[in-house]
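J.: next one to model:
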Amino acid sequence: MKIAICGKGGCGKSTMTSLLAKCLAGRGNEVLVIDSDESNYGLHRQLGMEWILC
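T.: Here you go, the predicted structure:
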């Protein structure tokens, strides 16, 4: 299954993405979240991850 979430700024894309990813993962699905917006620095926090610069 592939899901794309898009919309204008400030409409809740990151919130919906993180909630959907957590829900699907909680049901035992493998989930890969790819954020192609280089200006979004908060999605990793909503997913409970740390930001690591390489």
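J.: what's the longest helix in the chain?
T.: Longest helix in the chain by number of residues (criterion: DSSP state H): helix 13-26.
J.: buried ones in it?
T.: Neighbour counts over helix 13-26 (16 or more other Cβ atoms under 10 Å) mark 13-14, 17-18, 21 as buried. All C-beta spots, glycine's among them, are computed from the backbone N, C-alpha and C.
J.: what pLDDT is listed against L19?
T.: In the predicted model, L19 carries a pLDDT score of 92.
J.: ok so, going back, reformat the buried residues of helix 13-26 as TSV; add distance to V33.
T.: TSV is the format used below for those (distance: Cβ to Cβ, whole Å):
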residue	distance to V33
K13	12
S14	10
T17	6
S18	8
A21	5
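J.: follow-up on the earlier one: quick one: residues in contact with the longest helix of the chain.
T.: Outside helix 13-26, the residues that touch it by Cβ atoms under 8 Å, 6 or more residues apart in numbering are 3, 5-7, 31, 33, 35, 40, 42-43, 46-47.
J.: if you set the cut-off to 10 Å instead, what comes out?
T.: Helix 13-26 has contacts (Cβ atoms under 10 Å, 6 or more residues apart in numbering) with 1, 3-7, 12, 29-35, 37, 40, 42-48.
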